[in-house]
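Chemist: just a sequence and a predicted model for now, questions to come.
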Amino acid sequence: MKFIKIAYLVVILTAIFLSSCSSTKTEPTQPSSSTGTCYLTVMARGEYDELSVSSFSTSLISKFHKRVIEPPASGISSSEECVYEVRVDSREFTTLVTISSKDLNTSGDSKASGNEGLQESIIRALYNGLPNKRDDICKTYGEKLVECGVDNKKLEKKFKKDLDLEAKQLQEEIRLLEQDVKTIRQDRLRIENDRNVEIQRQKDEATKKREEELRVLREKEEKRKQEELAIKRAELKKKQDEKERIRRNEELRIQKEKLEREREENERKRMEEERRQREFEEKGYVPMQIRIRGLIGSSSSGSTSVSNTSIYGIWKNYGIGFSGLSYKTKSSSNNKYEMNNSFLDFSYTHEEDWTATAGFGFVTGGSGEITLDSSGLKYGTSRVSGFGLFGVFGMEWDRIEGLVGLRYDNVKYSGFSSKNSLQVDSLNESYPISGMQLIFGIGYSF
């Protein structure tokens, strides 16, 4: 009997224990960072709202780094370890994004505005803070980042376009503000006129007080509008200064490219000259910088014919040579004139891919003869004076040079005397010759 009571007691206690266990309830727990989920908090200043910042940040951080979600409505505990804090600040036409967590601290900025500037700033921040993800970021958003190889000229062109659009918007806002200021000023003047009229009509004190308050309000509104107009004008000036800076930078870039091309061309010429020098040395030929030139020129007009022959040598840039002039003509009275003379010439030669030579000469000797048709008498002289000027251009092929130029001679013959032994006579007059000739020639370099 005692055994049965003990058995009943055991059964009752077991039933009570089982019923208490079945009635126990478990409370649901929040997901934590131990499951691989992290939370995202947002703080935005300026033109952006936290909803847009949260949307872009959640998508981009989850895609390139780690999955993040918005905090639950009940909030997150201070002991939560996996929390990403995104701060956005927009000022002075710049959007700055900062991302902070235990395993990621980075920032990025953008000169663009709106959602495009926000997205570019977040992408740049991830690019700066995740070196191992830069290839993926550039593959997906390469057109938004200069760091991924964006064409600087296209980016600068886009930036100029954005500046133009913002400048136009500022101009439109300024126009509207100016219109508002004008309207307010007209209203204020009208109110003042009305107030003066009413004062003359001796309005009661309450009416005067009300009009005075309205006038003060209009003055304050006008002042506020003027201050806003000054701010907009300052913004427009800043945009215009930025455009001017970009224009100056473009001019400097073009000038730099031009100087670089000139430097490359000079280097190419120097290397070509060194190559030719090496070829000469390999062939056992060392140039002596000596040139020999020969030039001729002739012209005729009616009974007059003129010819000129020159030969001279050049060492480095300086040259010396001789020229001969022959002149024959017949006057209207059939008198014959035959004149000859020689010059000693000096020259200077400048050399590039072509050569240019300038020089002068003076008469060293000569003779002249005049034959009178009426008497057959001949008069001669060896007293000759004068000078010559010339310029020659040349092109060189290997060591042979083709030449073309102009020569001007001014010569005077005087002291003519008769050559007849039976009669001694002389002519008191002198005979001058001057003119320009086209000359051609060839040269050879040693």
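Modeler: Alright, I've got the coordinates. Numbering: from 1, shown residues only.
Chemist: Ser375: what secondary structure?
Modeler: With DSSP: H, G, I helix; E, B strand; the rest coil as the basis, the three-state label of Ser375 is coil.
Chemist: that one: how many residues sit nearby?
Modeler: Using other Cβ atoms under 10 Å, the number of residues around Ser375 comes to 11. For every residue, glycine as well, the C-beta is placed using N, CA and C.
Chemist: ok, now Lys256?
Modeler: 10.
Chemist: repeat that for Ser374.
Modeler: Residue neighbour count, defined by other Cβ under 10 Å, stands at 8 for Ser374.
Chemist: now do the contacts for it.
Modeler: Ser374 is in contact with Ser333, counting by Cβ atoms under 8 Å, 6 or more residues apart in numbering.
Chemist: tell me the spacing between it and Gly302.
Modeler: Using Cβ to Cβ, to the nearest Å, we find Ser374 at a distance of 21 Å from Gly302.
Chemist: Asp103 now?
Modeler: Applying Cβ to Cβ, the value for Asp103 to Gly302 is 103 Å.
Chemist: and the two? which has more neighbours close in?
Modeler: Between Asp103 and Gly302, counted using other Cβ under 10 Å, the more crowded position is Asp103 (10 against 7).
Chemist: which is the next helix or strand following the longest strand seen in the chain?
Modeler: Longest strand of the chain, by residue count under DSSP state E: strand 354-371. Past strand 354-371, heading to the C-terminal end, the next element that is a helix or strand (DSSP states H and E) is strand 378-381.
Chemist: which strands or helices does the helix or strand where Lys161 lies pack on?
Modeler: Using DSSP H and E, Lys161 falls within helix 152-200. Of the remaining helices and strands, those touching helix 152-200 by 3 or more Cβ pairs under 8 Å, 6 or more residues apart in numbering; DSSP states H and E are helix 205-282.
Chemist: what's the spacing between the nearest residue to Ser367 once chain neighbours are set aside and Ser414?
Modeler: Excluding its sequence neighbours, the residue lying closest to Ser367 (Cβ to Cβ, 6 or more residues apart in numbering) is Ser382, at 5.1 Å. The span separating Ser382 from Ser414 equals 10 Å under the rule Cβ to Cβ.
Chemist: neighbour count for those two, which is higher?
Modeler: Ser414 (15 against 11).
Chemist: that one touches Gly380, doesn't it?
Modeler: No. Distance between Ser414 and Gly380: 11.9 Å, which falls outside the contact criterion (Cβ atoms under 8 Å).
Chemist: may I have the phi/psi pair for Arg399?
Modeler: According to degrees, to the nearest 10, the main-chain angles of Arg399 amount to phi -120, psi 0.
Chemist: got the contact list for it?
Modeler: With contacts taken as Cβ under 8 Å, 6+ apart, Arg399 has the following neighbours: Tyr444, Ser445, Phe446.
Chemist: one more: Asn334?
Modeler: Taking Cβ under 8 Å, 6+ apart as the definition of contact, the neighbours of Asn334 are Asp373.
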